[in-house]
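1. Okay, structure incoming, though there's no sequence with it:
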């Protein structure tokens, strides 16, 4: 596998251009493709040009290794029979003992001494014991048909090559007999491109094939690149195997560096284009023929080098190889014909090295085309677009294509009554870009009319169920993920204003009209909650189908049942309950009577959440003979105020009594630390809970019609729609989950600075308990329905791309805008129950239909 290097390619092309300009006419000026004005089709033609050059160059190398024209016709016949053709190098070596011998070596220095008046000269003689070994090796290079090596054509071989190894130790230098693993490379694709009759190379890219994406990413070039990578690896391994034979020639004076000092390689494979030249060019005589290929489209191919140029360059390559092999003969002639590494092996190594260089040049050339596309795309845009920037663009794009009533809107809801200031806001934010920071996510949104969907309800506890009569909304949150680049993180932000508040419930929709809140909080007096949302993708409809088709019926039923639960889990729900309207309802007060009663509202919430006072003890009650409508609202409010004051007085007395009792028993007790619940009998005085079924009946009968839409069916409807469209196979349903820790910002006192708390599991549990205690009082334990509420169901989906944004466009030739546009229209059509044409602005409907016609099939 080659790693593309722009610098290396430019250096090699510059060196090749020196030779190319000598081969071609002096008026010619071929250049790298980026320096010549060309069309997109020219890149396809250039890919075909260099692929034909690779095939012709490989064929030249095979002929230099020993392939004859007759043999070529034979292996082409194998290919026509749909049998594979494999090139194999088999080799072996052996080592046998010859003899042990001893020899003496005189010292180079002499010493003169005088003994008894006589001069004597003496020297040192070293006795050396040596073992003599006979090393033999053999190899065979051949092609064979299918899986039967015996049906083969031998290209070259060496038998009984030997040398003598002399060692000063008795240990044999090699194993007595070694049969090396065969080195194989499949050359079937190469043979399929060659016409054996005239040795003409034929190759073309089928642009109508479903797997043809770009000049680099298509079936034909993919096979060529795979062949080049495999051939290069095989050539390297075969070269190393032959060099291993030279290692046994320990007494040899041969210099293998001569292989590198031979004339520099000339490979006629480079991504070159040229300004148009007048008149046809004829190839030189005796050159390898290359088929011209299909006629290019109008306007394309004018800047391509003609086939005559490629044939001339291939002829120069043949001359170069002939000169190089001649130099190998001269350098290695002294090795002897029987040496393990002789001139014959040097020739094979030189050819294999050239074939590897040609493979590397080819892969670099087609990778250059893809890199050129990438650079041209970035140059056209002016930058490398990120996932966040793509999200910002899709918001802009959706505003253009959707009509006003169906366009995605920012999910930022003001919690308010009609004609009143908001109590606070709920939003889901994402950081789209660094400049604007976090902003609300834009979602497809639908508000259901009264009676159009089943009434929502949820359980306060095992004995109480609350019915929600407020509006119900459905939203679709579509995210985008490119490769490993995650979509912008989402954050749910809940804020309230001073002296205002509401109850926020978070959970999921588990069935028709059934809301399962997993978390809740009381948001009031400038509180702010920030909760990170985790996105968990489940397999797309197509991925699920592919994964289950090979399972047993029992396994498939289990998988489908579990996926049904997963799909319902994609219905994330947010419910906001306004406090003041429900307080007025439970206390029997007229609408808007508590709007300006700030202190009274705060006291009521404290009594309900801290002391769990039943609302019946504080609500307005009139005599049986009085008509409540005749009593002014101010009188009703004053009566509630008196009851609240009396209740605080009773609480104060009860606290003081508990403090006095504690002083007598244990010592002083701080009033703030008192946990006394002074009214154990009050809880027993709560009005009996009305049957839940009566509340549900009241809610269902309000509109006088049966519900016509079930929100919980949206994931299944989307699943069916995505399964119908192959281009939507990468859309994965997404489960939205709350993070394990929250951030809460609040003001303990009116003028105190903001305090930031991090809520873990225990803190979240306390917030839920506090909110549910308030809801229990506001609904009389479920006896009263909640009128001032709104439920938002959010369906999550993520459009996943396997590559990065730029690589999706460059490598897969996919416009992500059109893919995401398609998936968004599918989701919108399902959510609004309308034909896509009804959702679009008239000015863009025709363009959308052109690129997504499958949506407009009646």
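-> Yes, it's here. Here the structure is a predicted model, which means the values were calculated and not measured.

2. got the contact list for the spatially most central residue of the chain?
-> Computing the C-alpha centroid of the chain and ranking residues by CA atoms, centre = their mean puts residue 483 first, at 2.1 Å. Taking CB atoms under 8 Å, 6 or more residues apart in numbering as the criterion, residue 483 is in contact with 801-804, 807. For the C-beta atoms, the positions are set from N, CA and C on the backbone; glycine is no exception.

3. which regions of the stretch 551-700 of the chain lie under the pLDDT threshold?
-> Scanning the stretch 551-700 of the chain for pLDDT under 70 picks out the ranges 623-625, 667-700.

4. Now do the strands in it.
-> Using DSSP state E, counting those that start in this stretch, the strands of the stretch 551-700 of the chain run over residues 571-578.

5. Which stretches in it count as helices?
-> Using DSSP state H, counting those that start in this stretch, the helices of the stretch 551-700 of the chain run over 553-569, 579-586, 598-610, 633-665, 692-701.

6. Pick the most buried one from the ones you listed.
-> Mean neighbour counts were taken over the helices of the stretch 551-700 of the chain using mean count of other CB atoms under 10 Å, and the top value, a mean of 24, falls to helix 579-586.

7. what comes into contact with that one?
-> 417, 423, 501-503, 524, 589-595, 601, 604-605, 615, 619, 774, 777-780, 784, 786-788.

8. Name only those of the residues you listed that count as buried.
-> 417, 423, 501-503, 524, 589-590, 593-594, 601, 604-605, 615, 619, 774, 777-780, 784, 786-788 (16 or more other CB atoms under 10 Å).

9. what's the average pLDDT for the helix or strand harbouring residue 63?
-> Take DSSP states H and E as the rule and residue 63 turns out to sit in helix 40-65. Taken as a whole, helix 40-65 has an average pLDDT of 94.

10. OK, contacts around residue 437?
-> residue 431.

11. Oh, that last question was meant for residue 97, not what I typed.
-> Residues in contact with residue 97, defined by CB under 8 Å, 6+ apart, are 131-134, 172.

12. Show me which of the contacts of residue 483 are buried.
-> With burial judged by 16+ other CB under 10 Å, the buried subset of those is 801, 804, 807.

13. For residue 355, state which of those is nearest.
-> residue 807 (30.5 Å; CB to CB).

14. Are we agreed that the closest one is in a strand?
-> No. Using DSSP: H, G, I helix; E, B strand; the rest coil, the secondary structure at residue 807 is helix, not a strand.

15. can you list the buried ones among the contacts of residue 483 in JSON lines and add pLDDT and distance to residue 647?
-> As requested, the buried ones among the contacts of residue 483 are exported to JSON lines (pLDDT from 0 to 100; distance: CB to CB, whole Å):
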{"residue": "801", "pLDDT": "91", "distance to residue 647": "62"}
{"residue": "804", "pLDDT": "90", "distance to residue 647": "64"}
{"residue": "807", "pLDDT": "91", "distance to residue 647": "68"}
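
16. Go through those and name the one nearest residue 43.
-> Of the buried ones among the contacts of residue 483, the one sitting nearest to residue 43 (CB to CB) turns out to be residue 807, at 16.6 Å.

17. In contact with that closest one, which residues?
-> Neighbours of residue 807 in contact, by CB under 8 Å, 6+ apart: 374, 483.

18. Apply 10 Å and report the result again.
-> Neighbour list for residue 807: 370, 374, 482-483, 801, 814 [criterion: CB atoms under 10 Å, 6 or more residues apart in numbering].

19. Next: residue 799.
-> By CB under 10 Å, 6+ apart, the contact set of residue 799 is 394, 478-482, 487, 540, 728, 730-732, 816, 819-820, 822-824, 827.

20. Repeat that for residue 172.
-> Neighbour list for residue 172: 95-97, 131, 133, 135, 165 [criterion: CB under 10 Å, 6+ apart].

21. Doesn't it lie inside a strand?
-> No. Secondary structure of residue 172 (three-state DSSP): coil, not part of a strand.

22. Distance check, it against residue 134.
-> Using CB to CB, to the nearest Å, residue 172 is found at 11 Å from residue 134.

23. Show me the common contact partners of those two, please.
-> In contact with both residue 172 and residue 134: 95-97, 165, using CB under 10 Å, 6+ apart.

24. Just the buried ones out of those residues, please.
-> Among the shared contacts of residue 172 and residue 134, those buried by neighbour count (16+ other CB under 10 Å) are 95, 165.

25. which is the next helix or strand following whichever helix or strand residue 390 is part of?
-> For residue 390, the host element (DSSP H and E) is helix 387-401. Once helix 387-401 ends, the next helix or strand along the chain (criterion: DSSP H and E) is strand 409-410.

26. For the longest helix along the chain, which residues meet the burial criterion?
-> Assignment by DSSP state H gives helix 343-381 as the longest helix of the chain. By neighbour count on 16+ other CB under 10 Å, the buried set for helix 343-381 is 343-374.

27. Now do the contacts for the nearest residue to residue 58 once chain neighbours are set aside.
-> Nearest residue to residue 58, sequence neighbours excluded (CB to CB, 6 or more residues apart in numbering): residue 190, at 5.5 Å. The contact partners of residue 190, taken as CB under 10 Å, 6+ apart, are 54-55, 58-59, 62, 75, 79, 85, 87, 201, 223-224, 227-228, 231.

28. for the stretch 251-400 of the chain, what are the low-confidence residue spans?
-> 251-264, 277-301, 333-338.

29. hmm, try it at 90
-> Residues of the stretch 251-400 of the chain meeting the criterion pLDDT under 90: 251-266, 268, 275-302, 322-347, 349-350, 384-389, 391-392.

30. Pick out the most distant pair among the contacts of residue 172.
-> Greatest spatial distance in the contacts of residue 172: 131 and 135, 12.7 Å, computed using CB to CB.

31. how far away is residue 628 from residue 590?
-> For residue 628, the distance to residue 590 equals 9 Å [CB to CB].

32. any common contacting residues for these two?
-> Counting by CB under 10 Å, 6+ apart, the contacts common to residue 628 and residue 590 are 620, 636.

33. Next, the buried residues of stretch 165-183.
-> In stretch 165-183, counting by 16+ other CB under 10 Å, buried: 165, 174, 183.

34. er, stretch 494-501 I mean
-> Under the neighbour-count criterion of 16+ other CB under 10 Å, stretch 494-501 has 494-497, 500-501 buried.

35. do the same with stretch 223-232
-> Under 16+ other CB under 10 Å, the buried positions of stretch 223-232 are 223-225, 227-232.

36. now stretch 514-530
-> Residues of stretch 514-530 classed as buried under the neighbour-count rule (16+ other CB under 10 Å) are 515, 517, 519-530.

37. can you list these in a markdown table and add pLDDT, secondary structure and distance to residue 48?
-> A markdown table is the format used below for the buried residues of stretch 514-530 (pLDDT from 0 to 100; DSSP: H, G, I helix; E, B strand; the rest coil; distance: CB to CB, whole Å):
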| residue | pLDDT | secondary structure | distance to residue 48 |
| --- | --- | --- | --- |
| 515 | 95 | strand | 62 |
| 517 | 96 | strand | 63 |
| 519 | 97 | strand | 61 |
| 520 | 97 | strand | 66 |
| 521 | 96 | strand | 65 |
| 522 | 96 | strand | 70 |
| 523 | 96 | strand | 66 |
| 524 | 94 | strand | 71 |
| 525 | 93 | coil | 73 |
| 526 | 94 | coil | 69 |
| 527 | 95 | coil | 67 |
| 528 | 96 | strand | 63 |
| 529 | 97 | strand | 61 |
| 530 | 96 | strand | 57 |
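
38. and of the residues you listed, the nearest to residue 326?
-> Distance to residue 326, by CB to CB, is smallest for residue 530 among the buried residues of stretch 514-530, at 78.1 Å.

39. just checking, residue 307 touches residue 202?
-> No. Using CB atoms under 10 Å, residue 307 is not in contact with residue 202, being 11.4 Å away.

40. more crowded one of the two?
-> Between residue 307 and residue 202, residue 307 has the larger neighbour count (other CB atoms under 10 Å), namely 19 against 15.

41. where's that one relative to residue 228, distance?
-> The gap separating residue 307 from residue 228 is 21 Å, by CB to CB.

42. Show only the entries of the contacts of residue 97 found in strands.
-> Using DSSP state E, the members of the contacts of residue 97 that fall within strands are 131-134.
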